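Undergrad: test case, fold it:
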Amino acid sequence: MNSRAATFLYLSQSDVIKCGGLDMAMVLDKVEEVLGLRDKGETSMPDKISLKWKGWDINSRINAMPGFVGGKCNTGGIKWIGSKPENPSKYGIPRASALTILNDPETAFPICVMDGTLISAMRTGAVTGVGARYLARKASRSLALIGAGAQNHTQLKAVLTVLPGIEDIRVCDLSPERIRAFIDHEKNGNTGLNFRGTTEARDAVEGADIIISATTTLKPIVRAEWVRDGAYISNVGNYEYEYDVVRKASKILADNWEAVIHRKNQTAARMLLEGELQEKDLYGELGEVINFKKPGRENDREIIFFSPIGMGIEDVIVAKEIYDRAESQRVGTRLILWDEPLWV
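TA: Predicted coordinates for the structure are as follows:
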């Protein structure tokens, strides 16, 4: 093949898995690395573009999430992810599907196109997990998962990787069928853990050391009086917490406040936009804690509220690690854009 030919590596989801796509410890480390790089100004990330059209509900969209990651990664890319919440019930297929494209920073040519669905789910769970490393009590034993959808599988995986002392898992959802399916799936790989399902948020939240919500709700379902001292809360989804939960927190953080506010859906963003929360009330971003600019948890009584938004740079850094492994292991399929360019 001549030197002007353009090729790229294609990785299916099974290829991604072969190259560590389900390795949560790796994903956690890469997400922590990129959050630290972002705080140092070594990443570039334009605003997410959300594509919708007539007839789609508020939670349906296709997002374009570009980003460049410096440091050892030194790669640009984009995640193109579609999301339709009714897919599982209507078609028996996942809510989300994604492609991730990586580009050579020297030529800007694509070097890899891969399934991004798995990476997207893993890195979303990992953001909460990195938060737990710095913001949760090390002696945490109980975890409340609000929502029994696909997203909370990786939230659980991340927390258990960071805090192996977790023993008690409460799973809350409006659907008893989803609860049973979630618990049945997770029990297979997590022997020795106590799983309990409930349709009542209070039953899940009261006394929990860690609270993670990943739902599409448009009204609050968690009340402040249910939240114990010392809790770490990750607001992955939407408007799941009444405002007093945030007011009760000792520290309020995000991975990217600008993006959280731009999205508008999460509880802290709504409060900021309505004037119920001021910029001075925000403790900072997780990258500042990772880089030791600000302390994380300082005592066992602090309630810490975290708003992770998810960023394209997280997909890029994890995808680059997968790509590097695929190249070294000779995994994937080499595809041709052109043998000879038509115009130069």
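Undergrad: residue 178: which element?
TA: Element membership of residue 178, judged by DSSP states H and E, is helix 176-189.
Undergrad: what's the first helix or strand after that helix?
TA: Immediately after helix 176-189, counting by DSSP H and E, sits strand 194-198.
Undergrad: contacts for that next one, please.
TA: 148, 167-173, 176, 179-180, 182-183, 186-187, 204 (C-beta atoms under 8 Å, 6 or more residues apart in numbering). For every residue, glycine as well, the C-beta is placed using N, CA and C.
Undergrad: partner strands of that strand, with direction?
TA: strand 168-172 (parallel) (DSSP bridges).
Undergrad: can you list the buried residues in the partner strand?
TA: Across strand 168-172, burial judged by 16 or more other C-beta atoms under 10 Å covers 168, 169, 170, 171, 172.
Undergrad: coming back round to it: report the two of the contacts of strand 194-198 separated the most.
TA: The distance between the two most remote of the contacts of strand 194-198 (C-beta to C-beta) is 23.3 Å, for 167 and 176.
Undergrad: and the helices in the stretch 151-300 of the chain?
TA: For the stretch 151-300 of the chain, helices defined by DSSP state H, counting those that start in this stretch occupy the ranges 151-162, 176-189, 201-205, 243-248, 257-263, 267-273, 286-290.
Undergrad: quick one: closest of the ones you listed to residue 302.
TA: helix 243-248 (10.7 Å).
Undergrad: what comes up buried for that closest one?
TA: For helix 243-248, by 16+ other C-beta under 10 Å, it's 243, 245, 246, 248.
Undergrad: got it, and stretch 189-209?
TA: So for stretch 189-209, counting by 16+ other C-beta under 10 Å, buried means 193, 195, 197, 198, 201, 204, 205, 206, 208, 209.
Undergrad: what's the most distant pair in the residues you listed?
TA: Farthest pair in those, by C-beta to C-beta: 193 and 201, 20.6 Å.
Undergrad: to residue 126, which of the helices of the stretch 151-300 of the chain lies closest?
TA: Taking the helices of the stretch 151-300 of the chain one by one with C-beta to C-beta, helix 151-162 is closest: 5.1 Å.
Undergrad: and the closest one, which residues are buried?
TA: Applying 16+ other C-beta under 10 Å to helix 151-162 flags 151, 152, 153, 154, 155, 156, 157, 158, 159, 160, 161, 162 as buried.
Undergrad: same question, stretch 56-68
TA: Here stretch 56-68 shows 60, 61, 62, 63, 65, 66, 67, 68 as buried, counting by 16+ other C-beta under 10 Å.
Undergrad: need the contact list for residue 266.
TA: Counting by C-beta under 8 Å, 6+ apart, residue 266 has contacts 235, 237, 238, 239, 260, 307, 309.
Undergrad: quick check, residue 331 in contact with residue 17.
TA: No: shown here, residue 331 and residue 17 do not form a contact pair, counting by C-beta atoms under 8 Å, at 10.0 Å.
Undergrad: just the buried residues of the contacts of residue 266.
TA: 235, 237, 238, 239, 260, 307, 309.
Undergrad: farthest pair within these?
TA: 239 and 309 (14.2 Å).
Undergrad: now do the strands in the stretch 51-200 of the chain.
TA: With strands called from DSSP state E, counting those that start in this stretch, the stretch 51-200 of the chain shows them at 61-69, 75-83, 96-103, 110-115, 142-146, 168-172, 194-198.
Undergrad: how about these in a markdown table, adding distance to residue 293 and mean pLDDT?
TA: Below are the strands of the stretch 51-200 of the chain laid out as a markdown table (distance: least, C-beta to C-beta, whole Å; pLDDT from 0 to 100):
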| stretch | distance to residue 293 | mean pLDDT |
| --- | --- | --- |
| strand 61-69 | 20 | 96 |
| strand 75-83 | 26 | 97 |
| strand 96-103 | 30 | 96 |
| strand 110-115 | 34 | 98 |
| strand 142-146 | 28 | 98 |
| strand 168-172 | 33 | 98 |
| strand 194-198 | 38 | 97 |
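Undergrad: can you say which of these is nearest to residue 11?
TA: That would be strand 110-115 among those, by C-beta to C-beta, at 3.7 Å.
Undergrad: where's the closest one relative to the chain centroid, distance-wise?
TA: Mean C-alpha position of strand 110-115 versus that of the full chain (C-alpha atoms, centre = their mean, to the nearest Å) differs by 20 Å.
Undergrad: ok, the nearest residue to residue 136 once chain neighbours are set aside to residue 120 distance?
TA: Nearest in space to residue 136, with sequence neighbours left out and distances taken as C-beta to C-beta, 6 or more residues apart in numbering, is residue 232 at 3.8 Å. For residue 232, the distance to residue 120 (C-beta to C-beta, to the nearest Å) stands at 23 Å.
Undergrad: quick one on the thing from earlier: so can I have CSV of the helices of the stretch 151-300 of the chain showing distance to residue 115?
TA: Below are the helices of the stretch 151-300 of the chain laid out as CSV (distance: least, C-beta to C-beta, whole Å):
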stretch, distance to residue 115
helix 151-162, 15
helix 176-189, 20
helix 201-205, 32
helix 243-248, 36
helix 257-263, 24
helix 267-273, 30
helix 286-290, 27
